[in-house]
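In: all I have is the shape, not the residue letters:
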DNA sequence: ATGGTAGACCTTCTA
């Protein structure tokens, strides 16, 4: 089973590009972030034609996540638990019922810039809620994948110039510590755990020639429970997508679970 | 040089 995560930066602005990629790569499951539309505006039929079941947690203009799967799923959860007043659509979860059930969560973790504002406070609170929810899910002792745009640079190797990002919400010591706390529940970064994985980025800003200069960062992650990590196969960053027509600023990451 | 681009959308916010 191949599981993809991709921040598409507007599903409707990107539909031709995204559909072409799905036709070529045909992942079994995909988590999409920043769809930037309400549920009713999501192009569900375009993916159903390709054989996907579709669940959407949308929002007008900003954020929004979707879960696509060729294998039927149940128990869909929309929204991250822990704050009934949170209006931002950044979390979707379901259980994929294939050869063996796999729980997949798709996340769009808040950016948090600028540091020192309520936006950074929201990011830290969201990460604390994610850790609390992940702690609950880990007690199930089942294959679990938390995939998405984490908006966190975990290590210096994940950024072209660490010094340039030290004050950024994606690379703050507190931000990195919160990601470490999440991983310390027993979650494994699929990319760094996979055999033969080389250093790679998943995001290049549209501005300042970041792509031609390869000024990238790795912020799109798939974290695996021990039961999922035991099944891990190849992990591929689809870097070439960034060079295509009307690209998202993020590229897809695909991880294989040998079910 | 505090720039640059992209997307949604009421003209500014978010990233």
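Out: Now that the structure is in, tell me what you want to look at. Given the structure is predicted, the values throughout are model-derived calculations rather than measurements.
In: where do the helices sit along the stretch 151-259 of chain A?
Out: Here the stretch 151-259 of chain A has its helices, by DSSP state H, counting those that start in this stretch, at A:162-165, A:173-183, A:190-193, A:226-229.
In: and if you look at the stretch 1-150 of chain A?
Out: For the stretch 1-150 of chain A, helices defined by DSSP H, counting those that start in this stretch occupy the ranges A:15-25, A:44-48, A:118-138.
In: anything in stretch A:106-117 sitting right up against DNA strand B?
Out: Yes. Using C-beta under 7 Å from any atom of the strand, stretch A:106-117 reaches DNA strand B at A:110-111, A:113. To be clear about C-beta, it is placed using only N, CA and C from the backbone, and glycine gets the same treatment.
In: any idea how many residues pack against the nearest residue to residue A:18 once chain neighbours are set aside?
Out: In space, and not counting its chain neighbours, residue A:18 is closest to residue A:8: 5.6 Å by C-beta to C-beta, 6 or more residues apart in numbering. Under the neighbour criterion other C-beta atoms under 10 Å, residue A:8 is assigned a count of 25.
In: returning to what we had before: if we only consider the residues of stretch A:106-117 next to DNA strand B, which is nearest to DNA strand B?
Out: residue A:111 (3.9 Å; C-beta to the nearest atom of the strand).
In: can you tell me the closest non-neighbouring residue to that closest one?
Out: residue A:151 (5.0 Å).
In: for that neighbour, what are its contacts?
Out: Contact partners of residue A:151, counting by C-beta atoms under 8 Å, 6 or more residues apart in numbering, are A:109-112, A:123, A:169-170, A:219.
In: returning to what we had before: quick check, the residue nearest to residue A:18 in contact with residue A:37.
Out: No. Taking contacts as C-beta atoms under 8 Å, residue A:8 lies outside contact range of residue A:37: 10.7 Å.
In: tell me the residues of chain A that contact DNA strand B?
Out: A:9-10, A:12-14, A:36-37, A:60-63, A:110-111, A:113, A:119, A:206-208, A:246.
In: list the contacts of the residue in the stretch 1-150 of chain A that DNA strand B sits nearest to.
Out: Using C-beta to the nearest atom of the strand, the closest approach of the stretch 1-150 of chain A to DNA strand B is made by residue A:10 at 3.2 Å. Going by C-beta under 8 Å, 6+ apart, residue A:10 touches A:34-37.
In: just the buried members of those?
Out: A:34-37 (16 or more other C-beta atoms under 10 Å).
In: report the two of those residues separated the most.
Out: The distance between the two most remote of the buried ones among the contacts of residue A:10 (C-beta to C-beta) is 9.9 Å, for A:34 and A:37.
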